[in-house]
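Chemist: pasted the sequence and its predicted model underneath.
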Amino acid sequence: MAKAGLDIGELLLKIATGETGEISKVDYVAQKPKFSTISANDEQKLKRCSPESQGVSSAFFTSLLRELAENKECKMHKFMALRNGNVICECGFEPYSIDYWHVSYSMCKSIVAMAIGILINDGKLTIVDKIDDIFSEQIGLLKFHRKTITVKNLLDMTSGSEFNEAGAISGNDWVSAFLEAGTKFEPGSQFEYNSMNTYMLSAIVTQITGKSLFEFCKERIFDPMGIKRVFWESCPKKITKGGWGLFIRTEDMAKLGQLYLNKGKWNGVQIVPEKWVEESITPQILTGREDSTHYGYQLWINGDRQDSYAFNGMLGQNVFIYPDINMVVVTNAGNSDIFQTSLMAVKIREAIKNLEIGNKPLDENFSAYSELMALCKSISGETVSYPAIVSGGWKNRAIKESVGSTRGRTAAYKSRRGDFKKSLNYFNMRNESLLAAKWLRKIDGKIYDIENNNIGVFPIMMQVVHNNFTDGIKKIGFRIDDNGFFFIDIYEGDALYALKCGFGGKRYVTNINMHGEMYQVSLESYCKTDEYNRFVLRNEIVFLEEACSRTINIYFDDDASDRADRKGTFIYPSVPSGIEVRFFETPGGEMLIDAMKNVSPEGLGGLQGIIFGKIIKGGVKGLFEDAIKNMLEPKVRGVLSQW
């Protein structure tokens, strides 16, 4: 633990002090493929039907979705609800598509437990097997000086191992590091959440079968259930990460929840042993948490309703399972949730907890169902008008109304201030169009050299989780193409990311290649002026497969004014000589900043204690907090380099 903790402290210092590229001690290899938008022939789809046909009112979901959409803190990406195995409500929150895969973080831990149950049922493993015996060749003589950790201790998070999540950036051989680590307490005696427990379960699958966990799950779980568009990252030793790294579609997450509701059976075939499902959802250990008081086998017993439990991943990736009403609720989000305590989770859990529901269908309510469908379309951005620049784009200033994607505007919501908001939106869009027409032509073809090139398009959290670190942004350019579309060109390392800007509520999607891994991003831009009358180009970059987003605000120096010739006929646009670029990321930054604020000299363990002991001495604490904040919300200067 000590070494791993020091390594992560060292990594944060490198990021904070501006190092880029290969700063991790873990070898990087490109893994993640580009998502396929074409469904496979044998991809099984769940049946869709109205909520009323399954005994639930459409108005219930209308009210819940409206609350989730209107509260910015929820940061919803996707929502899906099943009853009796049927999809009764689904909604992607623009710009996220319900059909696109999404990072799952720790939600995938529950799938690892399924694989272990299958191995036990096959007679190849028992729950009391010791990891020292399973990996006896790697342990050697060290086994005689160690406390015994069993498969069960890994499953219910009671191993007490000092090798925790920090170990994921400490080197290439995670199995050996776990086996060599000490224990904080007697295994089995208390709960301590540790993703490396799950990684070791994945390593056990590989040790026994000779296959990676991902390969094993594809063969025994995913393929039989028609889960085809899925990907799971591996460590440098080709062992599936297990506790994180899974990209999966919302509907396929829902299938896995329904699989457990069905006691492990899918389409009449027993995928996961029924006895194992029952044992997994039985409380195994007290967690000490009020939101989920007990832990089963790689899942949380939450007690919202009778026998309810959850597959949970940070930042809002959840599969809530309610056996007493045969319901599954799935979320993808990008909030600051670590377990199930965010405003999003609380709203959903309270709503389901108080839901009164019967086993008989309700009378179909066309009006209520139509309102729900209209709300879902509005939230997904499918049905609202937006102003688009046409007839040559920004080089010509013709503007007309058309229909297309919007940034989740609340046109379907009724408000007393609706007329005011409508007029204000019109004013803002008109003002934005005038700014764009003046400024975007002015900076067309201009490139600015970035003075401190240690910042990347990727948010810090994504860099750390995927071990894919930036080479630093060297230049930022602006151009209008032959079709009148405006692009921001970001020169990062040896790569060029050409980001197509959408204005007036329009978003454009771009694929970027980050060291061999393809990521799809959605970009929406705004033209503003700040309090100093500087032109500001605000850009919201959403990573459509991730929980993270990046905002890049570009401020142009107020040293440019248009000039006419002596006759007053020709206009010579003057170009700003410099820019200031401010970067923000959500979520992730707030969590680390809050963690740093809570650092105190006594009684600290883990990352905070190590950082305090190594760095935060005397009056340096505030300076280090500022460094962390600057790392997550950096400001850099750019100087005009090309006319």
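Modeler: Nice, thanks for sending it over. Numbering: from 1, shown residues only.

Chemist: what residue ranges in the protein score low on pLDDT?
Modeler: 1-24, 140-146, 383-430, 560-573, 588-628, 642-643 (pLDDT under 70).

Chemist: list phi and psi for Y309.
Modeler: Backbone torsions for Y309, taken as degrees, to the nearest 10, come to phi -160, psi 180.

Chemist: what sits against it?
Modeler: 281, 296, 299-302, 321 (Cβ atoms under 8 Å, 6 or more residues apart in numbering). For every residue, glycine as well, the C-beta is placed using N, CA and C.

Chemist: ok, it to K635 distance?
Modeler: The gap separating Y309 from K635 is 45 Å, by Cβ to Cβ, to the nearest Å.

Chemist: repeat for M514
Modeler: 23 Å.

Chemist: swap in K25?
Modeler: If you go by Cβ to Cβ, the gap between K25 and K635 works out to 29 Å.

Chemist: next: G171.
Modeler: For G171 relative to K635 (Cβ to Cβ), the value is 34 Å.

Chemist: which of these two has more neighbours?
Modeler: Shown here are G171 and K635; by other Cβ atoms under 10 Å, G171 has more neighbours (17 against 13).

Chemist: sec struct for that one, please.
Modeler: With DSSP: H, G, I helix; E, B strand; the rest coil as the basis, G171 sits in coil.

Chemist: tell me, how many residues neighbour the residue nearest to it when sequence neighbours are not counted?
Modeler: Among residues not flanking G171 along the chain, K25 sits closest, at 5.3 Å (Cβ to Cβ, 6 or more residues apart in numbering). K25 has 13 neighbours, counted by other Cβ under 10 Å.

Chemist: same check on the one 10 residues further on?
Modeler: Using other Cβ under 10 Å, F35 is surrounded by 19 other residues.

Chemist: do the same with I480
Modeler: Neighbour count of I480, defined by other Cβ under 10 Å: 18.

Chemist: give the bridge partners for it, please.
Modeler: For I480, the beta-bridge partners are F486 (DSSP bridges).

Chemist: and the most centrally placed residue in the chain, what does it touch?
Modeler: Central residue check for the chain by Cα atoms, centre = their mean: the C-alpha nearest the mean position is that of A547, 1.8 Å away. A547 makes contact with 77, 102-103, 105, 314-317, 332-334, 587, according to Cβ under 8 Å, 6+ apart.

Chemist: just flag the most distant two among those.
Modeler: Greatest spacing in the contacts of A547, by Cβ to Cβ: H102 and P587 (14.4 Å).

Chemist: compare these two (neighbour count), which wins?
Modeler: Legend: neighbour count by other Cβ under 10 Å for H102 and P587, higher for H102 (29 against 21).

Chemist: what about the more buried one, is that helix, strand or coil?
Modeler: Counting by three-state DSSP, the backbone at H102 sits in strand.

Chemist: if I look at it, how far off is A333?
Modeler: Using Cβ to Cβ, we find H102 at a distance of 9 Å from A333.

Chemist: burial measure for the nearest residue to D156 once chain neighbours are set aside, as a count.
Modeler: In this structure, D156 finds its nearest non-sequential neighbour in Q284, 4.1 Å apart by Cβ to Cβ, 6+ apart. Neighbours of Q284 under the rule other Cβ under 10 Å: 21.

Chemist: all strands of the stretch 501-643 of the chain, in order?
Modeler: With DSSP state E, counting those that start in this stretch as the criterion, the stretch 501-643 of the chain has strands at 508-514, 517-529, 535-543, 549-556, 563-564, 571-572, 578-586, 635-642.

Chemist: give the pairing partners of the third one; include direction for each.
Modeler: I take that to be strand 535-543. strand 517-529 (antiparallel), strand 549-556 (antiparallel).

Chemist: need the contact partners of it.
Modeler: For strand 535-543, contacts defined as Cβ under 8 Å, 6+ apart pick out 95-96, 435, 439, 457, 459, 462, 488, 499, 501, 519-530, 549-556, 558, 576.

Chemist: send me that strand as PDB with only the CA atoms.
Modeler: The C-alpha trace of strand 535-543 is given here as PDB (Å, rounded to 0.1, in the frame of the first residue of the first chain):
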ATOM      1  CA  PHE A 535     -14.800  38.100 -27.400                       C
ATOM      2  CA  VAL A 536     -15.200  34.600 -25.800                       C
ATOM      3  CA  LEU A 537     -15.600  31.300 -27.600                       C
ATOM      4  CA  ARG A 538     -17.100  28.900 -25.100                       C
ATOM      5  CA  ASN A 539     -16.900  25.200 -26.100                       C
ATOM      6  CA  GLU A 540     -18.600  22.300 -24.300                       C
ATOM      7  CA  ILE A 541     -17.000  19.000 -25.200                       C
ATOM      8  CA  VAL A 542     -18.900  15.900 -24.200                       C
ATOM      9  CA  PHE A 543     -17.200  12.400 -24.300                       C
END
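
Chemist: so for that strand, what gets flagged as buried?
Modeler: 535-537, 539-543 (16 or more other Cβ atoms under 10 Å).

Chemist: nearest to I348, of these?
Modeler: V542 (21.9 Å).

Chemist: for the closest one, give the beta-bridge partners.
Modeler: Beta-bridge partners of V542, as defined by DSSP bridges: S522, S549.

Chemist: which residues sit against stretch 81-93?
Modeler: Residues outside stretch 81-93 that contact it (Cβ under 8 Å, 6+ apart): 46-51, 53-56, 61, 65, 68-69, 76-80, 98-99, 250-251, 254, 257-258, 261-262, 325-330, 372, 375-376, 379-380, 408.

Chemist: helices - which of those land there?
Modeler: Using DSSP state H, 61, 65, 68-69, 250-251, 254, 257-258, 261, 372, 375-376, 379-380 are the members of the contacts of stretch 81-93 that sit in helices.

Chemist: of these - the most surrounded one?
Modeler: T250 leads the ones in helices among the contacts of stretch 81-93 on contacts (other Cβ under 10 Å) with 28 neighbours.

Chemist: so who does it touch?
Modeler: T250 touches 78, 80, 90, 98, 102, 330, 332, counting by Cβ under 8 Å, 6+ apart.

Chemist: please redo it, this time with the cut-off set to 10 Å
Modeler: 77-80, 87, 90-92, 96-102, 104, 317, 319, 330-332 (Cβ atoms under 10 Å, 6 or more residues apart in numbering).

Chemist: just A30 next, same as before
Modeler: A30 neighbours (Cβ under 10 Å, 6+ apart): 468, 513-518.

Chemist: and for V319?
Modeler: 80, 104, 107, 110, 250, 253-258, 260, 299, 309-313, 328-331.

Chemist: quick one: the helix or strand harbouring it to helix 250-261, angle?
Modeler: Assigned by DSSP states H and E, V319 belongs to strand 317-322. Interaxial angle, strand 317-322 versus helix 250-261 (axes from the mean of the first three to the mean of the last three Cα atoms, to 10 degrees): 30 degrees.

Chemist: ok, strand 317-322: who's next to it in the sheet?
Modeler: strand 309-313 (antiparallel), strand 327-333 (antiparallel).

Chemist: okay if I get the ones you listed as JSON lines plus distance to I447?
Modeler: JSON lines is the format used below for the strands paired with strand 317-322 (distance: least, Cβ to Cβ, whole Å):
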{"stretch": "strand 309-313", "distance to I447": "40"}
{"stretch": "strand 327-333", "distance to I447": "37"}
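
Chemist: of those strands, which is nearest I131?
Modeler: strand 309-313 (23.7 Å).

Chemist: so how far is that closest one from its chain's centroid?
Modeler: Offset of strand 309-313 from its chain centre (Cα atoms, centre = their mean, to the nearest Å): 15 Å.

Chemist: picking that back up, quick one: distance of the strand holding V319 to the chain centre.
Modeler: 16 Å.

Chemist: same deal with stretch 208-226?
Modeler: 24 Å.

Chemist: how about it: buried residues?
Modeler: Applying a neighbour-count criterion of 16+ other Cβ under 10 Å, one finds 208-209, 212-214, 216-218, 220-222, 225-226 buried in stretch 208-226.

Chemist: same check, this time on stretch 545-552
Modeler: 545-552.

Chemist: please tabulate those residues in TSV and include distance to E192 as additional columns.
Modeler: Formatted as TSV, the buried residues of stretch 545-552 follow (distance: Cβ to Cβ, whole Å):
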residue	distance to E192
E545	30
E546	27
A547	24
C548	27
S549	31
R550	33
T551	35
I552	38
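
Chemist: good, we can wrap up now.
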